[in-house]
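K.L.:
just coords:
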């Protein structure tokens, strides 16, 4: 539900001044949010319930799952979408309040520079999120997780835990990495497009 509010807010503001930027809005607002909201819940929704260890005790399962997932992927990716959206949302909200249209963004240098800076900030946030995702989740979800349960006072400090649907989760991880890379490429292409269009505007004067 909250993802739909974000999407509606983003689409309700001034549209990006470039074709690539508008495609990025569609890609960002539709594909990534659908993938996360629908498929993400299907893959990760009941992970904690099906995460089991040997011995299969509730407190051990919870302890090891929290060790396995310091932050759930759904929460991380939702935060990523919100944080990455902030620079563009602030600019478009400002543009809407000041009645700045697409032509003004391309024609007035100050608006062009501010818009490019917002796109560069978006790229930086995507790169940081990409690095954090690698640090937190890696590129592969293994079927077996070795949990260090020594602080629980168990007989065996290393406990084997089974990760449910590990192959589906690996595919989903790769897909989210791919979406991030595509988004960064679109943002870089948008910067070049707006610089090119600004250059054409100056020549045409």
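P.N.:
Yep, that arrived. Remember, it's a predicted structure, so these values are computed and weren't measured experimentally.

K.L.:
When you work out contacts or count neighbours from here on, use the C-alpha atoms and nothing else.
P.N.:
OK.

K.L.:
and residue 145, that's in a strand?
P.N.:
Yes: the assignment for residue 145 by DSSP: H, G, I helix; E, B strand; the rest coil puts it in a strand.

K.L.:
now it, which residues is it bridged with?
P.N.:
residue 161 (DSSP bridges).

K.L.:
isn't it right up against residue 160?
P.N.:
Yes: at 5.9 Å, residue 145 and residue 160 qualify as touching, with contact defined as Cα atoms under 8 Å.

K.L.:
Next up, the contacts around residue 197.
P.N.:
Residues in contact with residue 197, defined by Cα atoms under 8 Å, 6 or more residues apart in numbering, are residue 106.

K.L.:
In the chain, where is pLDDT below threshold?
P.N.:
Applying pLDDT under 70 to the chain flags the ranges 1-17, 19, 29, 153-156, 204-205.

K.L.:
any chance you could map the helices in it?
P.N.:
2-12, 19-26, 33-34, 41-44, 47-50, 58-68, 73-97, 102-107, 109-137, 166-204 (DSSP state H).

K.L.:
Who are the packing partners of the fourth one?
P.N.:
Using 3 or more Cα pairs under 8 Å, 6 or more residues apart in numbering; DSSP states H and E as the contact definition, the elements that helix 41-44 packs against are helix 73-97, helix 166-204.

K.L.:
Could you report the distance from residue 82 to residue 130?
P.N.:
14 Å (Cα to Cα, to the nearest Å).

K.L.:
So the two - more neighbours on which side?
P.N.:
residue 130 (17 against 13; other Cα atoms under 10 Å).

K.L.:
And stretch 177-189, what's buried?
P.N.:
Buried residues in stretch 177-189, counting neighbours by 16 or more other Cα atoms under 10 Å, are found at 177, 179-181, 183-184, 186-188.

K.L.:
okay, among these, which ones form the most distant pair?
P.N.:
177 and 188 (16.8 Å; Cα to Cα).

K.L.:
how deep is residue 74 tucked in, by neighbour count?
P.N.:
Neighbour number of residue 74 under other Cα under 10 Å is 16.

K.L.:
Ok, the one 4 residues further on next?
P.N.:
Neighbouring residues of residue 78 were enumerated by other Cα under 10 Å; the total is 16.
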